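S.K.: Sequence below, structure please.
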Amino acid sequence: MQIMNATEEDKDELLALYHAMIGGPCEWSETYPDENTIAFDLKNEDLFVMKNDAGEIIATISIDHDDAVEALTCWHEDQAPSGELSRLCVRKDMQGQGIAKQMMNYAGDVLKNRGMKGIHILVREGHVIALSTYAKIGFRTVGECDLFDKHFICMEKKF
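M.R.: Residues are numbered from 1 along each chain as shown. As a prediction, the model looks like this:
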């Protein structure tokens, strides 16, 4: 398995992966994440995929840029600038194998190389598996917020 930047050729497979998660704890829908989300992430070179030996996408993660998230007051100032991670997704048949941790670590390394001092992420309240996984790899809960008509737990990690 290999992690790399996503490409235009990955769009349809990424959208199918996102749609396979509809009804899950992230509460994604037909309209989010969508083609526009993928195009934005690709344009900024902020979308990463893990592919298996057959070349199939089994996981994805994005570095996000959202002013509303950046403006939250829960983030620790000593970790600024920090990068935001978003849309971590592991194919259902590949979950529970440490892939989410690998994707988080990879994206964290990208952010470190870009000069960031830390990472923050919003996690849907009640997404027990994600909250546990992130805590195990060094993220700490620093607050809660209501954004995008949803309630989130705010987590961050210092490099």
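S.K.: quick one: the residue most central in space within the chain and residue 54, what's the gap?
M.R.: With distances taken as CA atoms, centre = their mean, residue 86 lies nearest the centre of the chain, 2.7 Å away. With distances taken as CB to CB, to the nearest Å, residue 86 is found 27 Å from residue 54. Heads up, the C-betas are built off the backbone N, CA and C, glycines and all.
S.K.: Now the phi/psi pair for the nearest residue to residue 20 once chain neighbours are set aside, please.
M.R.: Closest residue to residue 20 apart from its sequence neighbours, by CB to CB, 6 or more residues apart in numbering: residue 92 at 6.5 Å. Backbone torsions for residue 92, taken as degrees, to the nearest 10, come to phi -50, psi -40.
S.K.: Which parts of this protein are strands?
M.R.: Taking DSSP state E as the criterion, the chain contains strands spanning 2-5, 47-51, 57-64, 82-90, 118-124, 140-147, 150-158.
S.K.: Rebuild these as TSV, extending it with distance to residue 36 and mean pLDDT.
M.R.: Putting the strands of the chain into TSV (distance: least, CB to CB, whole Å; pLDDT from 0 to 100) gives the following:
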stretch	distance to residue 36	mean pLDDT
strand 2-5	19	97
strand 47-51	13	98
strand 57-64	13	97
strand 82-90	13	96
strand 118-124	19	95
strand 140-147	18	97
strand 150-158	19	96
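S.K.: Contact partners for residue 101?
M.R.: Contacts for residue 101 (CB atoms under 8 Å, 6 or more residues apart in numbering) come out as 133, 136, 137.
S.K.: Swap in 7 Å and give it another go.
M.R.: 133, 137 (CB atoms under 7 Å, 6 or more residues apart in numbering).
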